[in-house]
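Student: For reference, the sequence and a predicted model appear below.
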Amino acid sequence: MKILRIDHVGVIVNDLSAAKEFFLDFGLEVQGEWELEGELMDQMSGLNDVKVTCVGLGKPDGQAWIELIKFYTPSDEKDIQQPFANTLGIRHIAFAVEDIEAVVAKLKKKGTEIFSEIQHYEESYKLCYCRGPEGIILELAEQIK
């Protein structure tokens, strides 16, 4: 037995349209859209009366796949949580980018919250954190050649 790769990352969102638009503006492309409900979905999720809409976004080469999921039922009664970078659990999605300065400038222009200015990690990477819709944290990383 061996692990081949991480297949995708699922992100639960309240405003599917806004999250989809954010990632399209970021440079991902829609790879598929679908709705799921019924007994199989209930069994897979461990919930009852599940109804979801999903949007799969990625790069054409298939190396980055994000599945945005909107639960219509059951809904999360706690609403959107705004985690900090040190909150326990899965906290951010990292993207390798070209020209991090241009990416950050584009995100700033769109009103995206940038955690910090671009930082240099040793002599190997330029890094920056930002917060997308609904508290989704992205780490941008440009490898220094």
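Tutor: Perfect, I can see it now.
Student: Please give me every residue in contact with residue 137.
Tutor: Residues in contact with residue 137 (CB atoms under 8 Å, 6 or more residues apart in numbering) are 83, 85, 91, 92, 93, 115, 129, 130, 131. For glycine as for every other residue, the C-beta is placed from the backbone atoms N, C-alpha and C.
Student: tell me the secondary structure for residue 30?
Tutor: Using DSSP: H, G, I helix; E, B strand; the rest coil, the structure places residue 30 in strand.
Student: Compute the distance between it and residue 68, please.
Tutor: Separation of residue 30 from residue 68 (CB to CB, to the nearest Å) stands at 10 Å.
Student: What of residue 135?
Tutor: 14 Å.
Student: between the two, who's got more neighbours?
Tutor: Comparing residue 135 with residue 68 by other CB atoms under 10 Å, the one with more neighbours is residue 68, at 27 against 14.
Student: Now the more buried one: which helix or strand?
Tutor: Assigned by DSSP states H and E, residue 68 belongs to strand 65-73.
Student: distance between the ends of stretch 104-115?
Tutor: End-to-end distance for stretch 104-115: 11 Å, by CA to CA, to the nearest Å.
Student: Buried residues in it, which are they?
Tutor: 104, 107, 112 (16 or more other CB atoms under 10 Å).
Student: and if you look at stretch 89-108?
Tutor: For stretch 89-108, by 16+ other CB under 10 Å, it's 95, 97, 100, 103, 104, 107.
Student: Of those residues, which belong to helices?
Tutor: Among those, the members found in helices (DSSP state H) are 100, 103, 104, 107.
Student: quick one: contacts for the second one?
Tutor: Just to be clear, that refers to residue 103. 97, 140.
Student: let's have the chain start at 29 instead
Tutor: With 29 as the first residue, the last one maps to residue 131.
Student: State the distance from it to residue 165.
Tutor: Distance of residue 131 to residue 165, given as CB to CB: 15 Å.
Student: Any idea what residue 65 is bridged to?
Tutor: residue 79 (DSSP bridges).
Student: ok, back up a step: which residues do residue 58 and residue 96 both contact?
Tutor: Jointly contacting residue 58 and residue 96 under the rule CB under 8 Å, 6+ apart are 48, 83, 84, 85.
Student: All good on my end, thank you.
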